[in-house]
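K.L.:
pasting the sequence and the predicted coordinates here, then a few questions.
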Amino acid sequence: MTATSLGAPVERREGRQKVTGAARYAAEYHLPGRAHAWPVPAPVARGRVTAVDTSAALALPGVLAVLTPDDAPRLAEPEDATLAVLQGPDVPHRGWCVALAVAETLEAARAAARAVRVTCAAEPHDVGLDPGHRDAYEPKETNAGYPGRVEHGDPQAAFAAAEVRVDTVYRVPPLHNHPMEPHTSTAHWDGDRLTVYTSSQGGTTVRSVLAQLFRLPEDTITVVSEHVGGGFGSKGTPRPDVVLAAMAARHTGRPVTLAYPRRSLPTTVGHRAPTVQRLRLGAHTDGRLTAVLHETTTHTSRVKAFVEQAAVPARVMYAAPALLSSHRVVPLDVPSPSWMRAPGEAPGMYALESAMDELADALGMDPVELRVRNDPECEPGSGKPFSSRHLVECLREGARRFGWAERDPRPRSRTEGPLLIGTGVAAATYPAAAVPATASARALPDGTFAVRINATDIGTGARTVLAQVAADALAVPVDRVGTEIGHSDLPPAWLAGGSMGTASWGWAVHEACAELASRLAAHTGPLPADGIETRADTAGRADADSPYARHAFGAHFAEVAVDSVTGETRVRRLLGIYAAGRILNARTARSQFTGAMTMGLGMALTEGSTLDPAFGDFTETDLASYHVPAHADVPAIEADWIDEEDPHLNPMGSKGIGEIGIVGTAAALGNAVHHATGIRFRHLPLTPDRILTGLLAGG
Amino acid sequence: MKSFGYLRPDSVQEAVEAYAAHPGARYLAGGTNLVDLMKLGVERPAVLIDVGRLPLDTIEELPDGSLRAGATVRNSDLAADPRVRDRYPALSQALLAGASGQLRNAATTGGNLLQRTRCPYFQDLDKPCNKREPGSGCSALDGVHRDHAVLGHSPHCIATQPSDMAVALAALDAQVELYGTEGTRRLPAAEFHRLPGEHPERDTWIRPGELITGVLLPAGTAGVPSAYRKARDRASYAFALASVAVVLRVADGVVDQAGIAFGGLAHRPWRARHAELALLGAHATPAAFEGAVDLELMHAEPLRDNAYKVSLAHNLALDVLNRLAPAPAAA
């Protein structure tokens, strides 16, 4: 009998290619005659382009063309309006692309872009998010299709009547995805056939969007995303790079690479929208919640409505007879927000889990016990039973490992010289879902197997884990299975996003392989020269409505040291315990959890971005000023999980794990800072300026 | 691209002559800041004169007991030099608090002193900046300025000098050695950088064409207890929100030598002369330290969003002063 490879810590297959530089990324396709492009950002936050003078740029050596709104190829109107680049004179925000320089070299393109003279008729702009803004409105739907408002049980009255109340406001600033590889595409036309090498989380969508924009049959477009240097949501759907590269290649008749400059990413590829979140929690003195009110205000651009669904976790987390979860959004002259790792859950759970900590404080109750006491029977927002929910087990196991029982709950009770030491806890949740996908599996006469699916590896180890899924279904050793992904000639599948990639792709791979296994069992004699192939399409099953509420859960524990001299907060320990169904690869799963926890650490402590009121764009645009955690910031981070069996998910029994690691981390750290200092900071990030000011005012 | 000439002279003399012969020339050493600024279009040299391989990469002891570090000594080498670590610990600590390991391996002593402000408006060609384009205005004054100056700024510029090393050099009474067409001269490190005044485009008092050839660490501060401390947003690879370098000698409970310089507060390392004067001859007590530091920081003029820097500088200075002062004899 073959031991199943599912769950084993199999090494990622492309690891060697990556560390030796052999793995090719989108800018590394050195096609003959390739040219380079560089975007020209709008210098005003609102207005119209009245003139683009390209003469100086075109006079520079090596410059091939400058595309402008006047002469760029006309596109069909995109569904995502951020892709309507160079289609008209309107400037919806600062940094909007208003011209594109194309030249023989990257350096020449950059110089040409700088030499383009753009004249704009500027109009007054407004980038200030304020919950009382006159343009604020309640959207029908948020991102990911959630209702803008869920309300039951007269929450206002229940809150007013509660024995213990917490009423508080939290602020999360704009945040930036900043994947290591910027948004990059190399485009090449052969007659009316278009090939793009693009850094995307999902090539299938890139192809359909390009087909629509350029009015081409999909089968004339090839999209290759062999390796992707991170995306964190910002490459979920096509970004302007692939559209502009294709336009420039068509315009010049040359292959063109556009690698977006780091400084342009914040205004171009989406950001996590800032939120102002009011939390009201009402409870009995025994800790049972009577009312949960989570109201969030966020911004969106004039280009499209994207509503960060920060109030949605309140519909999942705790039992309370009265619930209000609602959103308001203000359209401003800001760059378009979009997905960033755990949109909704990351900022929303920061606020909800901080408020739970405040409630525990008000009750004089242990914050772990408060969460346990309010663990619901059914999903509060929908009334559905959970397919599985082991938050309590995560909290208990985490508490045990962290040594929570030895904690002195009194704030500011532990010091080491000038250091104030504190610990905190927070829960995490993320939806477990899947979407339809197709895949093929082929058994070859030499005893090997070829699995093909247009999945994308954004650094998670998709090739590896899909081979494990296939090997498990075929009951063969994993090294006999080859996986081909990242190419639009492969059977179509959805993107790596929403923590749904592995569940969706794995489902199709499992079905194709299970069928192949039964075909092989029935087969006698040698295999034909080209083997036996099966195909699977999970439409109708992967997207079937479920009677269950399906979510992963987790618990985060954090220890911090706050320096009372400087206000610097440094993390000492971070522990995440997850209940996420079956873990399919222990090695790559741990890497995803700890990576996301590191991102949550950044969200809590270091990552700050400012919308400049005068100019309307972000001030922190490089990695020297937008502070993602450095190695020195990241202490021993430990991630682990409890065994969870859930028959209501997919054939592997897995829940997505790409995002949940960020979800509770910021709150756990914020709660630890409160425990350390006795001061509640409610505005991220917790940088020394804020902490020191708070210590001096309150300490 | 904007093409530029590239020259690699073999001697200091040749370098200085090449500079004089080529309008729009800039010296290039480690390139860790200049090349970035060229990519951004902030710097547009006509000619780069590469001085990175001139024979200025040694650290030598001079007969008078001082230590001379050549201009092209790499930051990592200067920080690791046993004599520097032993005699001028503040300098070694400041160097190691700066940038990242990779940058320290490339950056030079001279280049570190000439690195330019990281004010975001200075680095963005689409926004007014008096330092980059005199007369265009200061965007930071009413803009995003949490990181900006609280001392010595002017309505024309509120940028800060970003170097950690320069702060330690200022406190240590180091001298900057310059060579130009008029020969060699020295400037105190504490006076090397300017305050912005009406000419923020000028970071230093260096004359056109002058080349930094080295830094002199004087015998007078050799072996005197010193330390550097920096506060920052993350544990590595971040500029100082505020920092302090302190040189302090106490004899019989009385301060007989004090050098204090702040980083992150001004357009130059801020030598705290008021505080030093107050301390000299005073008993080395926490109260005396606090009084002296407050005397210095009462001159601070924080902006809308950076008042925290005054408290931060205060706390940092007291922490380091108290740490360097010998424990008082048991009463």
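P.N.:
The structure has been received and is ready for your questions.

K.L.:
in chain A, which residue is most central in space?
P.N.:
Chain A has residue A:341 as the residue nearest its centroid, 2.1 Å off, counting by CA atoms, centre = their mean.

K.L.:
that residue and chain B, how far apart?
P.N.:
19 Å (CB to the nearest CB, to the nearest Å). To be clear about C-beta, it is placed using only N, CA and C from the backbone, and glycine gets the same treatment.

K.L.:
quick check: that residue touching residue A:597?
P.N.:
No: with contacts counted by CB atoms under 8 Å, residue A:341 stays clear of residue A:597, the gap being 11.1 Å.

K.L.:
okay, and the common contacts of these two?
P.N.:
Common contacts of residue A:341 and residue A:597 (CB atoms under 8 Å, 6 or more residues apart in numbering or on different chains): residue A:662.

K.L.:
give the contact list for the nearest residue to residue B:315 once chain neighbours are set aside.
P.N.:
In this structure, residue B:315 finds its nearest non-sequential neighbour in residue A:565, 4.7 Å apart by CB to CB, 6 or more residues apart in numbering or on different chains. Applying CB under 8 Å, 6+ apart, we find residue A:565 in contact with A:418, B:315-316, B:319.

K.L.:
can you tell me which of those residues end up in strands?
P.N.:
Mapping those onto strands (DSSP state E) picks out no residues; all lie outside.

K.L.:
now render those residues as JSON lines, adding distance to residue B:279 and pLDDT.
P.N.:
Below are these laid out as JSON lines (distance: CB to CB, whole Å; pLDDT from 0 to 100):
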{"residue": "A:418", "distance to residue B:279": "22", "pLDDT": "97"}
{"residue": "B:315", "distance to residue B:279": "17", "pLDDT": "98"}
{"residue": "B:316", "distance to residue B:279": "16", "pLDDT": "98"}
{"residue": "B:319", "distance to residue B:279": "15", "pLDDT": "98"}
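
K.L.:
those: which two are farthest apart?
P.N.:
A:418 and B:316 (11.4 Å; CB to CB).

K.L.:
so these two - more neighbours on which side?
P.N.:
More crowded of residue A:418 and residue B:316, by other CB atoms under 10 Å in any protein chain shown: residue B:316, with 27 against 13.

K.L.:
assign the residue nearest to residue B:315 to helix, strand or coil.
P.N.:
coil (DSSP: H, G, I helix; E, B strand; the rest coil).

K.L.:
show the pLDDT at it.
P.N.:
pLDDT for residue A:565: 98.

K.L.:
pop the domain breakdown of chain B in here.
P.N.:
Following automatic domain parsing, one gets these domains for chain B: B:5-50, B:226-324.

K.L.:
what's the span of the first one, first residue to last?
P.N.:
With CA to CA, to the nearest Å as the measure, the ends of domain B:5-50 fall 10 Å from one another.

K.L.:
what about residue B:34, distance to residue A:422?
P.N.:
Using CB to CB, to the nearest Å, residue B:34 is found at 44 Å from residue A:422.

K.L.:
domain-wise, how is chain A divided?
P.N.:
According to automatic domain parsing, the domains of chain A span A:31-124+A:181-268, A:126-173+A:274-376, A:384-433+A:546-699, A:435-537.

K.L.:
for chain A, what are the low-confidence residue spans?
P.N.:
For chain A, the stretches flagged by pLDDT under 70 are A:1-3, A:699.

K.L.:
longest single helix anywhere in it?
P.N.:
Scanning chain A for the longest helix, with DSSP state H as the assignment, gives helix A:501-522.

K.L.:
on the C-terminal side of it, identify the next helix or strand.
P.N.:
Downstream of helix A:501-522, the next assigned helix or strand under DSSP states H and E is strand A:532-537.

K.L.:
what's that next one packed up against?
P.N.:
For strand A:532-537, the packing partners by 3 or more CB pairs under 8 Å, 6 or more residues apart in numbering or on different chains; DSSP states H and E come out as strand A:438-443, helix A:501-522.
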